[in-house]
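Asker: Fold the following.
(one chain, ligands or ions: 2)
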Amino acid sequence: MGCLDEGNGDIENGVSIGCGEVGFEEEAKPDIAAIEEAVKVLLLGLGEDVNREGLRKTPLRVAKAFREGTRGYRQKVKDIVEGALFPEAGLENNRIGHAGGAGGLVIVRDLDLYSYCESCLLPFQIKCHVGYVPSGQRVVGLSKLSRVADVFAKRLQEPQRLADEVCSALYQGIKPAGVALVLQCTHIHFPDIESIFLESSQQAWLKTLVLSGSGIFDDRKADVWSDFFCLLKFRGIEIEKVHLRGSSDQWWCPSLSALSAKVSSKTVPVNPAMVTAVSSILKSLGEDSLRKELTGTPGRFVKWMMNFQSIDMDVKLNGSLSGDTFDPDREVNFKDRQIHCELNLPFWSQCEHHILPFHGVVHIGYFISEGFDPIAKSLVQSIVHFYGFKLQVQERLTRQIAETIAPLLLGGHVIVVVEASHTCMISRGIEKFGSSTATIAVLGHFSTDLAAKAMFFQSVASATTSRVQ
Ligand SMILES: Nc1nc2c(ncn2[C@@H]2O[C@H](COP(=O)(O)OP(=O)(O)OP(=O)(O)O)[C@@H](O)[C@H]2O)c(=O)[nH]1
Ligand SMILES: [Zn+2]
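Answerer: Numbers count the residues shown, from 1 in each chain. Ligands and ions are numbered 1, 2, ... in the order given. Next comes the predicted model:
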């Protein structure tokens, strides 16, 4: 499956809608079971204990997430649009201009969507702006524009194809004078475990913008596109200023970039059982794993996952820690205490419940006394990466960072704040776009010294407001 029949004039793309899908319909159960088995192979390949408490339900959760994230394969555009078209009189023939159901542009802006990247199987975020020019004195219910866009987003996708498929389905479904789509897409950057210790300022997100137009929007220079862009400008979206994707930017997914290919050629070969497991997941989702865009996807997904195995980093970190430990009997002079802060240290991690990335920054505060240098920032960043590159939960990550830093400090007084966006909270399930999670671990004096804590929070606040999101 995968590609759509909509483009050929048939807007029924195959199978029936599996609504809700909370308790799966009977026919989905073998597929769910097959995905669960495949996920167990992946967890074993990472060296994980599939029976440990945090992972026991992970295979089922991942199966549910994949199923939910590809529900568009089981939905029909026709069901959504049919019955949602209603008459709205346009201007009389002898009047000049366009309005109502005859030629007046309608756009719905800022629709938040999520899709799965067909190159690496990670979710990517979409801000979708969709417009159409009615004809035949009929308009469509506004929500349907979003629902149709979601049918195609909930598949394995690539930005331009997604835009073209939504555009073409709406054009055929509504039969308007024209349809236009602008998608602003954001993909998480792959951390490169080898170089991340040398280069901590890796860009966290990759962005691209794509357009698609049908009917009177076929011509990119048509005046109606300028109207569309002006209406976007009211929302602060300036198309002229964003980098429009051209044919030279073939790779929008970081897993396809030349750098990523270079790095992966140096790393250990991927485990073939894991690659086979991912291919079987694609099949269970109803995808054709031989489709040319998907041929390397299982291998790329496994490479991403292997970042979170992190065996080599153990050695690296232990080596660094042993030389730096302070004498535990010496105490901080709390009278003229000073707080040293390391703020906005980036991290990448993988949620152990859904095997989806969570990403953000860590802030660390501790006391320093005269005569003692702060811990080297590179060591603190290594500790953060060490605990990040695992199957994790944010609370544990926060505590582990605090517990590892504490023995390096006089008296072990430390405060750690982790701020993160969880893909599992945004791209699936509850879909809380823009939500973020903050966690705190406080050891030693920081739990009672409210003034010290306040000073630390003040530093975080100042650094956060200046942070570029
Ligand atoms: N405490 C904590 N929970 C997390 C973290 N990452 C993901 N979760 C949550 O783990 C929970 C797993 O819940 P389940 O009900 O077993 O799984 P689910 O059916 O996929 O849950 P929904 O996300 O509500 O759809 C969800 O509430 C997630 O939001 C984390 O770092 N810390
Ligand atoms: Zn990708």
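
Asker: Can you tell me how far the residue of the chain most remote from its centre is from ligand 1?
Answerer: Distance from the C-alpha centroid of the chain peaks at residue 94, with 51.1 Å (CA atoms, centre = their mean). Per CB to the nearest ligand atom, to the nearest Å, residue 94 is found 57 Å from ligand 1. For the C-beta atoms, the positions are set from N, CA and C on the backbone; glycine is no exception.

Asker: how far away is the closest residue to ligand 1 within the chain from residue 126?
Answerer: Nearest residue of the chain to ligand 1 (CB to the nearest ligand atom) works out as residue 429 at 3.1 Å. For residue 429, the distance to residue 126 equals 17 Å [CB to CB, to the nearest Å].

Asker: What of residue 73?
Answerer: For residue 73 relative to residue 126 (CB to CB), the value is 18 Å.

Asker: Repeat that for residue 120.
Answerer: Applying CB to CB to residue 120 and residue 126 gives a distance of 16 Å.

Asker: same check, this time on residue 61
Answerer: 23 Å.

Asker: And for residue 302?
Answerer: For residue 302, the distance to residue 126 - CB to CB - is 25 Å.

Asker: ok, now residue 305?
Answerer: For residue 305, the distance to residue 126 - CB to CB - is 24 Å.

Asker: can you check residue 231 too?
Answerer: On the measure of CB to CB, residue 231 and residue 126 end up 19 Å apart.

Asker: Show me where the stretch 101-250 of the chain has its helices.
Answerer: Using DSSP state H, counting those that start in this stretch, the helices of the stretch 101-250 of the chain run over residues 142-153, 159-174, 223-233.

Asker: CSV for those, including distance to residue 257, mean neighbour count and mean pLDDT?
Answerer: Compiled in CSV, the helices of the stretch 101-250 of the chain are given as follows (distance: least, CB to CB, whole Å; neighbours: other CB atoms under 10 Å; pLDDT from 0 to 100):
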stretch, distance to residue 257, mean neighbour count, mean pLDDT
helix 142-153, 23, 21, 96
helix 159-174, 15, 23, 96
helix 223-233, 29, 16, 93
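
Asker: Can you lay out those helices as CSV showing distance to residue 463?
Answerer: As requested, these are arranged in CSV below (distance: least, CB to CB, whole Å):
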stretch, distance to residue 463
helix 142-153, 35
helix 159-174, 33
helix 223-233, 32
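
Asker: For ligand 2, find the nearest of those.
Answerer: helix 159-174 (10.4 Å; CB to the ion).

Asker: helices or strands next to the closest one in the packing?
Answerer: helix 77-81, strand 123-133, helix 142-153, strand 178-188, strand 205-215 (3 or more CB pairs under 8 Å, 6 or more residues apart in numbering; DSSP states H and E).

Asker: What parts of this protein come near ligand 2?
Answerer: Proximity of the chain to ligand 2 (CB under 5 Å from the ion) is limited to residues 117, 119-120, 253.

Asker: Now tabulate those residues in CSV and tack on distance to residue 80.
Answerer: Shown next, in CSV, are these (distance: CB to CB, whole Å):
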residue, distance to residue 80
117, 24
119, 28
120, 29
253, 28
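
Asker: Now go through those residues and say which are in strands.
Answerer: residue 117 (DSSP state E).

Asker: Just name the lowest-scoring one in the residues of the chain next to ligand 2, pLDDT-wise.
Answerer: For these, the weakest pLDDT value sits at residue 253, with 88.

Asker: Now for that residue, how many residues are close by?
Answerer: 23 (other CB atoms under 10 Å).

Asker: Excluding covalently adjacent residues, which one is nearest to it?
Answerer: residue 119 (4.0 Å; CB to CB, 6 or more residues apart in numbering).

Asker: ok, how many other residues are close to residue 220?
Answerer: So residue 220, with other CB under 10 Å, has 9 neighbours.

Asker: tell me the contacts of the nearest residue to it once chain neighbours are set aside?
Answerer: Spatial nearest neighbour of residue 220, chain neighbours left out: residue 213 (6.9 Å); criterion: CB to CB, 6+ apart. Shown in contact with residue 213 (CB atoms under 8 Å, 6 or more residues apart in numbering): 167, 178-181, 219-220, 225.

Asker: Tell me how many other residues crowd the closest residue to ligand 2 within the stretch 351-469 of the chain.
Answerer: Proximity of the stretch 351-469 of the chain to ligand 2 (CB to the ion) peaks at residue 357, 11.2 Å away. Neighbour count for residue 357, taken as other CB under 10 Å: 24.

Asker: you'd agree it is in a strand?
Answerer: Yes. Counting by DSSP: H, G, I helix; E, B strand; the rest coil, residue 357 is part of a strand.

Asker: Flag the shaky bits of the protein, pLDDT-wise.
Answerer: Judged by pLDDT under 70, the chain has its weakly predicted residues at 1-24, 92-93, 190-203, 240-250, 258-268, 310-336, 465-469.

Asker: 50 instead?
Answerer: Flagging of the chain using pLDDT under 50 yields the residue ranges 1-21, 247-248, 315, 323-324, 468-469.

Asker: Which parts of it are strands?
Answerer: 85-87, 106-117, 123-133, 138-140, 156-157, 178-188, 205-215, 338-351, 356-368, 391-392, 414-422, 437-443.

Asker: what's the second one packed up against?
Answerer: Contact here means 3+ CB pairs under 8 Å, 6+ apart; on that basis strand 106-117 packs against helix 58-69, strand 123-133, helix 142-153, strand 156-157, helix 223-233.

Asker: which residues sit in contact with the residue of the stretch 351-469 of the chain closest to ligand 2?
Answerer: Applying CB under 8 Å, 6+ apart, the residues contacting residue 357 are 122, 188, 348-351, 423.

Asker: and ligand 1, which of these contact it?
Answerer: residue 351 (CB under 6 Å from any ligand atom).

Asker: Show me the two of the contacts of residue 357 that sit farthest apart.
Answerer: Largest separation among the contacts of residue 357 by CB to CB: 122 and 349, giving 13.5 Å.

Asker: Give me the more crowded residue out of the two.
Answerer: Neighbour totals were compared for residue 122 and residue 349, and residue 349 leads with 27 against 20 (other CB under 10 Å).

Asker: wait, doesn't residue 40 sit right on residue 60?
Answerer: No. Shown here, residue 40 and residue 60 do not form a contact pair, counting by CB atoms under 8 Å, at 10.5 Å.

Asker: Those two: which is more packed in?
Answerer: residue 40 (17 against 14).

Asker: Identify the residues contacting that one.
Answerer: Residue 40 touches 50, 59, counting by CB under 8 Å, 6+ apart.

Asker: And residue 69, by the same measure?
Answerer: Here residue 69 is in contact with 114-116, 123, 154, 427-428 (criterion: CB under 8 Å, 6+ apart).

Asker: quick one: it from residue 63, how far?
Answerer: Counting by CB to CB - residue 69 and residue 63 are separated by 11 Å.
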